[in-house]
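Novice: Below is the sequence, then the predicted model.
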Amino acid sequence: MQVGRIVGTVVSSQKDPALVGMKLHVVEQTDLMGKPKGFHVIAVDSVGAGVGELVLYASGSSARQTEITRDKPVDAVVMSIVDSITVNNELLFCK
Amino acid sequence: MQVGRIVGTVVSSQKDPALVGMKLHVVEQTDLMGKPKGFHVIAVDSVGAGVGELVLYASGSSARQTEITRDKPVDAVVMSIVDSITVNNELLFCK
Amino acid sequence: MQVGRIVGTVVSSQKDPALVGMKLHVVEQTDLMGKPKGFHVIAVDSVGAGVGELVLYASGSSARQTEITRDKPVDAVVMSIVDSITVNNELLFCK
Amino acid sequence: MQVGRIVGTVVSSQKDPALVGMKLHVVEQTDLMGKPKGFHVIAVDSVGAGVGELVLYASGSSARQTEITRDKPVDAVVMSIVDSITVNNELLFCK
Amino acid sequence: MQVGRIVGTVVSSQKDPALVGMKLHVVEQTDLMGKPKGFHVIAVDSVGAGVGELVLYASGSSARQTEITRDKPVDAVVMSIVDSITVNNELLFCK
């Protein structure tokens, strides 16, 4: 999984029927301290995350292993909201 | 998913039988404002998108999760036409 | 899918039994005008393409969705021979 | 698979129900001598690895082929702890 | 598939039970003449290849389509030993 921050939303009225009702987050990939890396991915939400939150997202077929995304044409899903990240006993990020 | 703009078409008469009748879009990857990034992917259309439209496309096995692409040898599908993209309460793109 | 040109062949006598009889093309990735990008992939042929032809190839699990490649350990397949590519009403490539 | 070192942990209380109880390692990709490459991935543990250990991790759908990760929305798994790496008869890494 | 040379071995005593008995090759990605590109992947052997040999390896879910790797948490497999590579009628590599 990669770490990213939810920074926005994509609105789409004309889409694959399987996607109706799904929230499409703009997720900006970040480093482990939450600093932006300048790369974005559009991901479906499976955990009720909101704008500003640091999250983990899974890509590829793994993005379809949630109740919301199963068998749907989506390749990225937010599957966890990050509370904290610790590296070498140092707290790099805390919500 | 990634954001891109449909900029053209690939025509192919000799192809895998499973692909007959599929529309092959040239999709140029863009940033969240619709500005080209100089990278192209050829994607099948599942939503009736046309040249010039900003879209989302899914890659890998997820590209096969639409009625049109199921079990077919395609690794990219346009599954949504973008109406608008909002980041940090700012409207970056509006159709 | 990506655009590429078939530029050569890999010969292998010792290989996974599932691969016996498969043609292994050297495909050079190109831009939309057929200009080489300096990146190669080895792909199985499913459409009878020959050296010099511009083709589309699919990657990952999608490469296994042809009659020839089903359930085989291959991650790239040539699934279409390109007749023409049109971008912004300009003909970039014509066979 | 890629070689990496477990350098930390991600804590998350709000996550996909399928992920409850899973340990989320911060894995830093390394070269074959264990020298950091500056790229991190968050991976689930399937072998009881601890912080500081050099490991192999698998990505994509292959990350779901362990007892712990089957059918779960995870795209990276630590599936092996490295004892040693030998290249051209030279021992590059030894635990 | 990509071309690479087997340059070494990873030894691991603590690993996912499904991996017991599998040979883990260090494969260095090469160009079509066998010249190293400086990028390594750890791949399972399915064809009895040895150190020094030029091989093809498949990645992702396709790496699990051999008898040895089926349903196992591995994302790269050596599935062919290269005899020769010919590009534009020129023999770039011969065993």
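Specialist: Looks like it arrived, so ask away. Residues are numbered from 1 along each chain as shown, chains lettered A, B, ... in the order given.

Novice: which sections of chain A are below the confidence cut-off?
Specialist: Applying pLDDT under 70 to chain A flags no residue at all.

Novice: Would you map the strands across it?
Specialist: In chain A, the segments counted as strands under DSSP state E are A:2-11, A:14-15, A:24-30, A:36-45, A:54-59, A:76-81, A:84-87, A:90-94.

Novice: So in that sheet, which strands flank the fifth one, and in what orientation?
Specialist: So the one you mean is strand A:54-59. Strand A:54-59 has its sheet partners listed here by DSSP bridges as strand A:2-11 (antiparallel), strand A:76-81 (antiparallel).

Novice: Reformat the ones you listed into TSV and put mean neighbour count and distance to E:M33 next to each item.
Specialist: C-beta: built from backbone N, CA, C; applies to glycine. Shown next, in TSV, are these (neighbours: other C-beta atoms under 10 Å in any protein chain shown; distance: least, C-beta to C-beta, whole Å):
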stretch	mean neighbour count	distance to E:M33
strand A:2-11	21	35
strand A:76-81	28	37
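
Novice: Output these as TSV; include the columns distance to C:T86.
Specialist: TSV is the format used below for the strands paired with strand A:54-59 (distance: least, C-beta to C-beta, whole Å):
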stretch	distance to C:T86
strand A:2-11	28
strand A:76-81	30
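
Novice: Flag every residue of chain A that's near chain B.
Specialist: Proximity of chain A to chain B, by C-beta under 8 Å from any C-beta of the partner chain, involves residues A:7-16, A:18-19, A:24, A:26, A:40-43, A:51, A:60-61, A:63-64, A:71-76.

Novice: Write the ChimeraX selection for whichever of those are buried.
Specialist: Applied in ChimeraX, the following selects the buried portion of the residues of chain A next to chain B according to 16 or more other C-beta atoms under 10 Å in any protein chain shown:
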select /A:7,8,9,10,12,15,16,18,19,24,26,40,41,42,43,60,61,63,64,72,73,74,75,76
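
Novice: center of chain A - which residue?
Specialist: A:V78 (3.2 Å; C-alpha atoms, centre = their mean).

Novice: residues in contact with it?
Specialist: Applying C-beta atoms under 8 Å, 6 or more residues apart in numbering or on different chains, we find A:V78 in contact with A:I6, A:H25, A:V27, A:A43, A:V44, A:D45, A:S46, A:V47, A:A49, A:V55, A:L56, A:Y57.

Novice: Go ahead and confirm the second one touches A:S46.
Specialist: What it means is A:H25. No: contact criterion C-beta atoms under 8 Å: A:H25 and A:S46 do not qualify, at 10.5 Å.

Novice: Have a look at the two and say which one is more surrounded.
Specialist: When neighbours are counted by other C-beta atoms under 10 Å in any protein chain shown, A:H25 comes out ahead of the other of A:H25 and A:S46, with 28 against 25.

Novice: From chain D, how far off is that one?
Specialist: Distance, A:H25 to chain D, using C-beta to the nearest C-beta, to the nearest Å: 15 Å.

Novice: give me every residue that touches that residue.
Specialist: Neighbours of A:H25 in contact, by C-beta under 8 Å, 6+ apart: A:I6, A:G8, A:T9, A:V10, A:I42, A:A43, A:V44, A:D45, A:A49, A:V78.

Novice: ok, now which ones touch the residue of chain A found nearest chain C?
Specialist: Here chain A gets closest to chain C at one residue, A:S61, 7.4 Å apart by C-beta to the nearest C-beta. Contact partners of A:S61, counting by C-beta under 8 Å, 6+ apart, are B:G60, B:S61, B:S62, C:S61, D:G60, D:S61, E:S61.
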